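Enquirer: Fold the following for me, if possible:
(chains A and B)
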Amino acid sequence: MNPTSTTTPNVSELDLDAMKPRVPWLEREGVLGYLLLAPALILIVIFMAYPFGLGIWFSFTDKLVGDPGKFVGLDNFLKNFRSQIFWQSAWNTLFFTAMATIFKTILGMWLAVILNRKFKFSRFTRAAILLPFIVPTVLSTLAWLWMFDATFSVFNWILNWFWKLDISIFDLVIKAPYRGRLRINWLGDPGWAMFSIILVNVWRGVPFFAITFLAGLQTVPQDMYDAGAIDGANGWQRFWNITLPMIKPIAVVVVVFSIVVTFADFQLVYVLTRGGPHNSTHLFATLAFQVSMQSGNLGEGASIALFMLPFLAVLILWQLLYLRKEESA
Amino acid sequence: MDKQTETTKVAWQPGMSRREFIKTTSGLAVAAGAGWGMFGQAPAFAQERELHILEWSSFVKPADVETDRQAAEFGKQEGIKVRVEHINANDLNARATAAVESGAGPDLIRLLGNQPHVYAKGLIDHGDLIQEVGGETIWPSLRDGVNVNGVYRGVPYFFGGGAYVYRRDLFDEAKVGPPQTWDQFMDVGKKVKDLGYPIGQSLGHSFGDPPGFCYTLLWSFGGSLIDKNAKVSIDSQATRDSIKYLAEFWKSACDESGLAWDDTSNNRAFLGETISCTLNGASIYFVAKQNWEKKQDPFVKQLDHFLSPEGPAGRFHTISGQNSCIMTHSKVQSAAKNYIRFIHKEENFEKFFVINNGYIIGVVPKWREHDLWSRDPALTPYRDLGTYGQHIGYPGPYDRRSQEVFAKYIIVDLYARAVKGESPDSVIKWAESELKNIYS
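Expert: Next comes the predicted model:
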């Protein structure tokens, strides 16, 4: 055969499309990827994006229940600024979030370090520690409500038991014994009420911190601790220079996630105080609920809820930038 | 085919390709969507007619049982399934908001006070029913609660209010009697607190007792949140006087943990024998009486009631109707109307009234003549609540703004802040600014 007659044809003469293996359109990654993404995307649009957009629109209207409302510009926001209840709730939310997160982080880390050691029943303890996190919030908070009961609080009963033992330190807790008994007005005094809601939030949140930190701790190679020990580092130095830097990325994610959830907390306050006494435990979420769902002012309520957005958006943005930096490092 | 192969064939189907998976699932989704589109709802076969009623969970539990019983009886007569849902009264308006906004949910909601003003757009005209259950003879403040711009958006079923329940044995020990005026009440309170059994009063965020106390205190001293023309009028000497009074009363006569109380706390405290007197519906008496009948406990024999004390401007009570309101989205409006007619029939309402044993009162004055009141004289003060009753907008209009003030607990917090030591001027300034925000 004349080799010239079998010369490879010019590429431009080839029908490249015909030569491609025939891939059914559903098998194509471009199509299938979006198809598989579609259910989640649809759910997010319907249940997150649409209500979010609607909420933003409501905040610029004077919408009442059953009434479409009309555009009022920034009126709702100005009305909020004129309300002391709003400013009080803003302060409460920041204070509550800050305090709860600080204590959850410290206690969670402490618990994780303890749980990271081997001891008898350590597996059982690790599982049991999650209990506050697993029990539905409303249910556990109802139990706390009983424990904080103004008249029959078990905490006050225990305090009295100690007091009868003449431990005078409790005189500092409350100055005037009531009918010969010590009594802390857990949910009736503004300061104690704030303390109580922080306490319950910390109780509920610590297991999540502890378990996540524990997962982080278990990824730290033992070699590093051994090397540290050889270099003469004591326990604190090993924690500060090895453990903490190693679990920093996971800690950032947990703390940011917790701040977001704590900032928008609702159930706990609604069950314990409904924002009382005299609004001293109102958070953005409970105030927004009171104004929109209980007073029927959906526009004004939406504008209050929207105030959570800038704080949380900045936080999430910072977290994303931080994680990106960590990944590229 | 051997057994092994046969089993394998049954248990293991060759893997689905992506294509088959997508086709199958999207086919199912399309079918479900078509079903939804064609029938306007999830395809359920042989849909049963249902009347869904939402109301509070009563403090007198047998009342809920009777409501459910009557609903079932009505259902049988009407040939419809009736479902009554009882929830915490504090949560009713949130459910109503959701129902009106979504156009779905309960067919009939028993709204409190003047909540029909807030949800008017989602409620049908009840004008025909109002005439059937009493028309002009219904207590005016109850009628105002459902009368939204001349259209009745609900039908008052009954109303409740608070009188002071007290322990005669402790009052005797303190050598005091039921007070007629606030000054006398101060004296009584100081003496019973000295005995170790103070007055119990809630100033927390709850719908019944806290506003029931604070509004009446304000009015009886001559103060008001707004005037007849809905102009904010909280900044007055009368308000100052009432605040000063309560600041002293709270410290020297009351259980100071009341700032954390809800509507159930004073019931527990009274029945737990830690307080001597509290403003309440007749539920404390009801429970004590039940226990007495069962256990021969003489405790209930020591209980009696008195009306709210008189102030410089007279005697007042807040009364709040429970209104049957049919939703515009209901598909069974006709059955719902018949249900309202059914529960208002003399014989049915009387059963409900008697079971409540003074805790609720009929919406027309004739129920004051019922022999229930004379059978148990301790309950007599509740009989007269209608006479002294005002709505929470008094003396201004009973519109949705008064409901907003109520839902935000502005009047309750005015006093709650004062008893924690804030000056009258400061709390009045705060309340005035919040009220002007609402009434502007």
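
Enquirer: what number of residues lie near the residue nearest to B:Arg401 when sequence neighbours are not counted?
Expert: Once flanking residues are discounted, B:Arg401 sits nearest to B:Ile438: 5.3 Å by CB to CB, 6 or more residues apart in numbering or on different chains. Every C-beta, even on glycine, is put in place using the N, C-alpha and C of the backbone. Counted with other CB atoms under 10 Å in any protein chain shown, the neighbours of B:Ile438 add up to 22.

Enquirer: just A:Arg123 next, same as before
Expert: Neighbour number of A:Arg123 under other CB under 10 Å is 10.

Enquirer: before we move on, what about A:Tyr50?
Expert: By other CB under 10 Å, 11 other residues sit near A:Tyr50.

Enquirer: And the residue of the stretch 251-400 of chain B closest to chain A?
Expert: B:Ala260 (3.2 Å; CB to the nearest CB).

Enquirer: Could you pull up phi and psi at the residue nearest to that residue when sequence neighbours are not counted?
Expert: Excluding the flanking residues, the one nearest B:Ala260 by CB to CB, 6+ apart is A:Gly188, at 3.2 Å. For A:Gly188, the backbone dihedrals (degrees, to the nearest 10) come out as phi -100, psi -20.

Enquirer: Counting neighbours, which bits of the host helix or strand of B:Pro211 end up buried?
Expert: Counting by DSSP states H and E, the element that carries B:Pro211 is helix B:209-220. Applying a neighbour-count criterion of 16 or more other CB atoms under 10 Å in any protein chain shown, one finds B:Asp209, B:Pro210, B:Pro211, B:Gly212, B:Phe213, B:Cys214, B:Tyr215, B:Thr216, B:Leu217, B:Leu218, B:Trp219, B:Ser220 buried in helix B:209-220.

Enquirer: cool, stretch B:92-106 as well?
Expert: Residues of stretch B:92-106 classed as buried by neighbour count (16+ other CB under 10 Å): B:Leu92, B:Asn93, B:Ala94, B:Arg95, B:Ala96, B:Thr97, B:Ala99, B:Val100, B:Glu101, B:Gly105, B:Pro106.

Enquirer: Now do the SS call for whichever residue of the stretch 51-200 of chain B sits closest to chain A.
Expert: Here the residue of the stretch 51-200 of chain B nearest chain A is B:Lys121; by CB to the nearest CB that distance is 2.9 Å. Taking DSSP: H, G, I helix; E, B strand; the rest coil as the rule, one finds B:Lys121 in the helix state.

Enquirer: and the residue nearest to B:Asn93 when sequence neighbours are not counted, how many neighbours?
Expert: Once flanking residues are discounted, B:Asn93 sits nearest to A:Gln294: 5.0 Å by CB to CB, 6+ apart. Per other CB under 10 Å, the neighbour tally for A:Gln294 reads 26.

Enquirer: do the one 4 residues further on as well
Expert: Per other CB under 10 Å, the neighbour tally for A:Leu298 reads 26.

Enquirer: And B:Val300, by the same measure?
Expert: 17.

Enquirer: That one: what's it in contact with?
Expert: B:Tyr285, B:Ala288, B:Lys289, B:Asn291, B:Trp292 (CB atoms under 8 Å, 6 or more residues apart in numbering or on different chains).

Enquirer: Is it possible to get JSON lines of those that adds secondary structure and pLDDT?
Expert: Shown next, in JSON lines, are the contacts of B:Val300 (DSSP: H, G, I helix; E, B strand; the rest coil; pLDDT from 0 to 100):
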{"residue": "B:Tyr285", "secondary structure": "helix", "pLDDT": "92"}
{"residue": "B:Ala288", "secondary structure": "helix", "pLDDT": "88"}
{"residue": "B:Lys289", "secondary structure": "helix", "pLDDT": "85"}
{"residue": "B:Asn291", "secondary structure": "helix", "pLDDT": "75"}
{"residue": "B:Trp292", "secondary structure": "helix", "pLDDT": "68"}
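
Enquirer: Can you tell me which of those residues are buried?
Expert: In the contacts of B:Val300, burial by neighbour count holds for B:Tyr285, B:Ala288, B:Lys289, counting by 16+ other CB under 10 Å.

Enquirer: per-residue confidence for the closest residue to the last one other than its chain neighbours?
Expert: Ranked by CB to CB, 6+ apart and with sequence neighbours excluded, the top spatial neighbour of B:Lys289 is B:Val300, at 4.9 Å. For B:Val300, the model assigns a pLDDT of 87.

Enquirer: Just say helix, strand or coil for B:Val300.
Expert: Here B:Val300 is recorded as helix under three-state DSSP.

Enquirer: hmm, back to that, can you tell me what sits against the helix holding B:Pro211?
Expert: With contact meaning CB under 8 Å, 6+ apart, helix B:209-220 is reached by B:161-162, B:182, B:201-204, B:224-225, B:238-239, B:242, B:245-246, B:261, B:263, B:266, B:278-280, B:308-318, B:390, B:392, B:394, B:406, B:409, B:411-412, B:414-415.

Enquirer: Low-confidence stretches in the chain?
Expert: Using chain A. Applying pLDDT under 70 to chain A flags the ranges A:1-21, A:163-182, A:329.

Enquirer: Not quite, go with chain B.
Expert: Using pLDDT under 70, the flagged stretches of chain B are B:1-47, B:292-297.

Enquirer: which helices and strands does the host helix or strand of B:Ala99 pack with?
Expert: Element membership for B:Ala99, per DSSP H and E: helix B:92-102. If you count contacts as 3 or more CB pairs under 8 Å, 6 or more residues apart in numbering or on different chains; DSSP states H and E, helix B:92-102 packs onto strand B:50-56, strand B:108-112, helix B:115-118.
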